[in-house]
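K.L.:
what follows is a predicted protein model with its sequence.
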Amino acid sequence: MGKYDHAEKYFTALIQNNRLLHTRSYNNVGLVYYEKGEYNKALEYYEKTVEIELNSLPLNHPSCAITCNNIGLAYHKKGEYHHASVGSCIIATTYNNIGLVYHKQGQYDKALEYYDNSLEINYKSLPSDRPSQATTYNNIGAVYSKKCQYDEALEYYTKALGIELKSLPPKHPLFATIYNNIGFAYHKKGEYGKALEYYEKTLEIEMKSLPPTHPSLETTRNNIGLVYEEKGEYDKALQYYEKTLEIELNSSPLDYSTLAITYNNTGFVYDKNATIYKHIASVYEEKGEYNKALEYYEKTLEIELNSLPLNHPSCAITCNNIGLAYHKKGEYDKALQYYEKTLAVELKSLPPTHRSLAITYNNIATAYDEKCAYEKALEYYGKTLEIELNSLPLDHASLATTYRIIASVYDENDDYDKALEYYEKMVEIELNSSSLDDVSLAITYNNIGLIYHKKGEYDKAIKYYEESLEIAVKALPSTHPSVATTCNNIALVYKEKGEYDKTLQ
């Protein structure tokens, strides 16, 4: 039977190729009749061409657009302008469809090119403000949104909305899409009031037109919750997150295999409820209610462990979040337990110089630092530094921060020479980095002064205190506490040197 299947595939392909060869012949004959002015005969052959193309090629194939254009031109020459515009409408739709393909492929500039062609043809052949034009405006807005050009996105979304307001009833379900898109753009711009206005319009329409358990309602409530969370209005955020969770839990049994949904763009199976729990947990954490945060993070982790592979990055993130909550509670051993779980997953799933590993090493080091286990803290800060040195520019602000932390640990451990070594590395970055301000350098000079002060090297201490003060008085108000602190440090050194007159200055 295998050879017959092979033969079938071969002959099917041959027929397909022959059909496409016929389209070229039909199209060429049509072109000849068109040039001779015999438009009816030209149309006969163009229509045979397009019939084969529509049955053999994707709708968005350029050949379909070319043939539709030829049909439109022939009708135009005959003076049958209505039929000509129908051909143009097909071309415009085809351009829009090609734009959608490029859009989905992430080729945004090509998508815009085809969307613009679609609009141009639409406006030449159809009355303005047609629904198809609104669709293309919305598509263009979506491309600009993907490119993070939110002002341009809003410009096109607003044009789409203007057309829809003229052609659709006020609460038509299509408005929910455009309102949501506008809300998202304002959200990304940080204009939370406008974002809420449009998300709430979306929700109002969806509540009237969709069943109460529809995923779009969940997404919109989630978006509103996110805006309130980012505004710091945590109680309102919780109200929307918990409503989403309540509906989700009541609409399906707590069966991990059925709750899990597939996101085709990543290929991972991920549970919607875990996302909602995570949002609720993060709000409680921001409110300082760490026990409630832990309750929801642990629910998140339970679902993830039942619906995802053990080494899935989401499990690592949730373990890290639990660790951070325990850390903020001052329960450092518990924090370390979860940080180590995070690290175990990341070591199996990430390259050795990945920034997430540096963050986890830093979290572990900080917990040991809080426990005054300085040797362990330095071990993990060293691992953080190693990754940063291999993955960041040598003048990066994160390196300066790590040098400062390591220096402070050596200082706490009374290892002043090592502390100075790392503070001096930090100064080198601060003097050569445009991303760090003068105040940061003033603080570092003050810290170096403190080390020399503790070592009893008073002249060096005064030198760095005075350099700190010189920068601080230029960068800060004269009444700023940092200025007063540095002046006090200088006075203390002079006092310890027995130079009391200078102390009074």
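P.N.:
Arrived safely.
K.L.:
what mean pLDDT would you report for stretch 291-311?
P.N.:
Averaging the model's pLDDT scores along stretch 291-311 yields 89.
K.L.:
which residues sit in contact with T202?
P.N.:
Under the criterion of CB atoms under 8 Å, 6 or more residues apart in numbering, the contact list for T202 reads A176, Y179, N180, G183, T220. Glycine gets a C-beta too; all of them are placed from N, C-alpha and C.
K.L.:
out of the residues you listed, the closest to G99 would be?
P.N.:
Ranking those by separation from G99, with CB to CB as the measure, puts N180 on top at 20.5 Å.
K.L.:
mind checking how far the residue nearest to the closest one when sequence neighbours are not counted is from N223?
P.N.:
For N180, ignoring the flanking residues on the chain, the nearest one in space by CB to CB, 6 or more residues apart in numbering is T202 at 4.4 Å. Remark: distance between T202 and N223 (CB to CB, to the nearest Å) = 8 Å.
K.L.:
so which residues make contact with the helix or strand hosting A484?
P.N.:
Element membership for A484, per DSSP states H and E: helix 481-497. Under the criterion CB under 8 Å, 6+ apart, residues 439, 442-443, 446, 449-450, 453, 458, 461-462, 465-466, 468-469, 472-473, 476-477, 500, 502-503 lie in contact with helix 481-497.
K.L.:
flag the shaky bits of the stretch 151-300 of the chain, pLDDT-wise.
P.N.:
Applying pLDDT under 70 to the stretch 151-300 of the chain flags the ranges 251-272.
K.L.:
now the stretch 351-500 of the chain
P.N.:
Answering for the stretch 351-500 of the chain: the residues below the bar, that is pLDDT under 70, span 434-437.
K.L.:
again, only using 90
P.N.:
394-395, 397, 430-440, 472-484, 486-487, 494-500 (pLDDT under 90).
K.L.:
re earlier: what's the most distant pair in the contacts of T202?
P.N.:
Within the contacts of T202, two members stand farthest from each other by CB to CB: A176 and G183, at 10.3 Å.
K.L.:
which one's more surrounded, these two?
P.N.:
Set side by side, A176 and G183 give different neighbour counts by other CB atoms under 10 Å, the larger being at G183 (26 against 23).
K.L.:
mind saving the C-alpha coords of the helix or strand hosting that one as PDB?
P.N.:
Taking DSSP H and E as the definition, one finds G183 inside helix 174-189. The C-alpha coordinates for helix 174-189 follow below in PDB (Å, rounded to 0.1, in the frame of the first residue of the first chain):
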ATOM      1  CA  LEU A 174     -16.600  44.900  18.900                       C
ATOM      2  CA  PHE A 175     -16.100  48.000  21.000                       C
ATOM      3  CA  ALA A 176     -14.800  45.800  23.800                       C
ATOM      4  CA  THR A 177     -11.700  45.000  21.600                       C
ATOM      5  CA  ILE A 178     -10.900  48.500  20.700                       C
ATOM      6  CA  TYR A 179     -11.500  49.900  24.200                       C
ATOM      7  CA  ASN A 180      -9.200  47.200  25.600                       C
ATOM      8  CA  ASN A 181      -6.500  48.000  23.100                       C
ATOM      9  CA  ILE A 182      -6.700  51.700  24.000                       C
ATOM     10  CA  GLY A 183      -6.700  50.900  27.700                       C
ATOM     11  CA  PHE A 184      -3.600  48.700  27.300                       C
ATOM     12  CA  ALA A 185      -1.700  51.500  25.500                       C
ATOM     13  CA  TYR A 186      -2.500  54.000  28.200                       C
ATOM     14  CA  HIS A 187      -1.500  51.400  30.800                       C
ATOM     15  CA  LYS A 188       1.900  51.000  29.200                       C
ATOM     16  CA  LYS A 189       2.300  54.700  29.100                       C
END
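K.L.:
can you name the next helix or strand after it?
P.N.:
Per DSSP H and E, the helix or strand that comes after helix 174-189 is helix 192-209.
K.L.:
just checking, next helix/strand downstream of that next one?
P.N.:
With secondary structure assigned by DSSP H and E, helix 192-209 is succeeded by helix 215-231.
K.L.:
that next one vs helix 192-209, what angle?
P.N.:
Orientation note: helix 215-231 sits at an angle of 160 degrees relative to helix 192-209 (axes from the mean of the first three to the mean of the last three CA atoms, to 10 degrees).
K.L.:
so H172: helix, strand or coil?
P.N.:
For H172, the reduced secondary structure class is coil; criterion used: DSSP: H, G, I helix; E, B strand; the rest coil.
K.L.:
could you tell me which residues make contact with the closest residue to it other than its chain neighbours?
P.N.:
Counting by CB to CB, 6+ apart, the nearest residue to H172 once its immediate chain neighbours are dropped is E164, at 7.4 Å. Counting by CB under 8 Å, 6+ apart, E164 touches P131, A134, H172, L174, F175, I178.
K.L.:
nearest to A325 among those?
P.N.:
Distances from these to A325 were compared by CB to CB; the smallest belongs to I178, at 39.1 Å.
K.L.:
how close does the closest one sit to P211?
P.N.:
Taking CB to CB as the measure, I178 and P211 are separated by 21 Å.
K.L.:
neighbour count: the two, which is higher?
P.N.:
More crowded of I178 and P211, by other CB under 10 Å: I178, with 23 against 8.
K.L.:
L161 is in contact with that one, correct?
P.N.:
Yes - taking CB atoms under 8 Å as the definition, I178 is a contact partner of L161 at 5.1 Å.
K.L.:
and the gap between A335 and Y368?
P.N.:
Per CB to CB, A335 is found 10 Å from Y368.
K.L.:
check which helix or strand T366 maps to.
P.N.:
Remark: T366 resides in helix 355-370, with elements defined by DSSP H and E.
K.L.:
and that helix, what does it pack against?
P.N.:
Identification of packing neighbours for helix 355-370 by 3 or more CB pairs under 8 Å, 6 or more residues apart in numbering; DSSP states H and E yields helix 313-329, helix 332-349, helix 374-391, helix 397-412.
K.L.:
next, the angle helix 374-391 makes with the shortest one.
P.N.:
Think helix 397-412. Relative orientation of helix 397-412 with respect to helix 374-391: 160 degrees, computed using the same axes, to 10 degrees.
K.L.:
next, the buried residues of helix 397-412.
P.N.:
When neighbours are counted by 16 or more other CB atoms under 10 Å, the buried residues of helix 397-412 are found to be 398-407, 409-411.
K.L.:
which one of these is nearest Y374?
P.N.:
For Y374, the nearest member of the buried residues of helix 397-412 is V409. The distance, counting by CB to CB, is 5.5 Å.
K.L.:
for the closest one, list the residues it contacts.
P.N.:
Contacts for V409 (CB under 8 Å, 6+ apart) come out as D369, Y374, A377, L378, Y381.
K.L.:
wait, isn't the second one in contact with D414?
P.N.:
The reference is to Y374. No - counting by CB under 8 Å, no contact exists between Y374 and D414, whose distance comes to 9.9 Å.
K.L.:
out of those two, which sits in the more crowded spot?
P.N.:
More crowded of Y374 and D414, by other CB under 10 Å: Y374, with 17 against 9.
K.L.:
show the contacting residues for that one.
P.N.:
Contact analysis of Y374 by CB under 8 Å, 6+ apart lists Y368, V409, E412, N413.
K.L.:
repeat that for 10 Å
P.N.:
With contacts defined as CB atoms under 10 Å, 6 or more residues apart in numbering, the neighbours of Y374 are Y368, Y381, V409, Y410, E412, N413, D414, D415.
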